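> this one's sequence-less:
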């Protein structure tokens, strides 16, 4: 039996290994990249005082934070890779307006890993870009439905609605258009794969795959798996 019914084991393992390798490289290179971005010299003072830690302990925490940021970016790409490996869908090259397209060009999507990846003022720009792709007759996606997908929504719950972000220039919301929509990650996974619990299955299966392929040694403990499941539930339900 495959790990997941909507993607091959080979693709799943490949995409998981990509994230793991990025994380390992970030950890390996962390010491020499520690000061690649200027560190606020004031922040450590307060953090050390509040957490009652010394400078070595603070540097360890800051290193973990920097590695975490790299991993979070890789997780965003991971979702693009997974969804782009579903039959009938394709991941597009980085740098374009959209990340995913249905092969019959009836659906396109821009995918963000988390709701706060884009600042509120920029949401209007994403609306305009998506609207242009599906409403301009010279676009290859004319007539398609576009989605601004948030894998991790701001609040638990499902939604698939018109995308109407605020427009500071007018002081109003962008007009509702059924071809320009926003959707939560769980609902989007369901739409792409045809399985209502596709994202649930992916989240639950990742620890098993990592353990069975020897990526994480002895695997996760029962208590770890319960905590991970709780995190998922709090994000979506």
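Structure's in. What do you need? Keep in mind it's a predicted model, so treat the numbers as computed, not measured.
> tell me the pLDDT of the residue nearest to residue 162 when sequence neighbours are not counted.
Leaving aside its sequence neighbours, residue 162 sits nearest to residue 176 (CB to CB, 6 or more residues apart in numbering; 4.0 Å). (Glycine included, C-beta is placed from N, CA and C.) We have a pLDDT of 98 for residue 176.
> right, and residue 176 touches residue 131 too?
No - taking contact to mean CB atoms under 8 Å, the distance of 11.1 Å between residue 176 and residue 131 leaves them out of contact.
> give me the neighbour count for residue 107.
When counting by other CB atoms under 10 Å, one arrives at 21 neighbours for residue 107.
> tell me what residue 173 is bridged to.
residue 166 (DSSP bridges).
> what's the spacing between the residue nearest to residue 162 and residue 64?
Note on residue 176: its distance to residue 64, by CB to CB, to the nearest Å, is 43 Å.
> before we move on, what about residue 117?
Counting by CB to CB, the gap from residue 117 to residue 64 is 21 Å.
> which one of these two is surrounded by more residues?
With neighbours defined as other CB under 10 Å, residue 117 and residue 64 compare such that residue 117 has more, 15 against 12.
> excluding its backbone neighbours, what's nearest that one?
Using CB to CB, 6+ apart and skipping the chain neighbours, the partner closest in space to residue 117 is residue 76 (7.5 Å).
> what separation do you get for residue 131 and residue 139?
Using CB to CB, one obtains 10 Å as the distance from residue 131 to residue 139.
> for residue 3, same thing?
When distances are taken as CB to CB, residue 3 and residue 139 turn out to be 37 Å apart.
> please apply the same query to residue 62.
In this structure, residue 62 lies at 45 Å from residue 139, with CB to CB as the measure.
> cool, residue 39 as well?
Going from residue 39 to residue 139 by CB to CB gives 44 Å.
> in the top helix by length along the chain, which residues are buried?
Among the elements of type helix in the chain, defined by DSSP state H, the one spanning the most residues is helix 55-84. Within helix 55-84, the residues scored as buried using 16 or more other CB atoms under 10 Å are 58, 62-63, 66-67, 70-71, 74-84.
> more neighbours, residue 131 and residue 139?
When residue 131 and residue 139 are compared for neighbours, residue 131 comes out ahead with 17 against 14, by other CB under 10 Å.
> quick check: phi and psi on that one?
Here is the backbone geometry of residue 131 (degrees, to the nearest 10): phi -60, psi -40.
> need the contact list for the closest residue to it other than its chain neighbours.
Closest residue in space to residue 131, ignoring its immediate chain neighbours: residue 180 at 5.0 Å, by CB to CB, 6+ apart. Residues touching residue 180, when contacts are defined by CB atoms under 8 Å, 6 or more residues apart in numbering, comprise 127, 130, 131, 134, 146, 148, 162, 163.
> who are the packing partners of the helix or strand hosting residue 230?
Counting by DSSP states H and E, the secondary-structure element that holds residue 230 is helix 222-236. Contact here means 3 or more CB pairs under 8 Å, 6 or more residues apart in numbering; DSSP states H and E; on that basis helix 222-236 packs against helix 198-212.
> what's in contact with the helix it packs on?
Residues from elsewhere that reach helix 198-212 (CB under 8 Å, 6+ apart): 3-6, 12-13, 16, 20, 82, 151, 185-186, 189-190, 192, 195, 215-216, 218-220, 224-225, 228-229, 232, 236.
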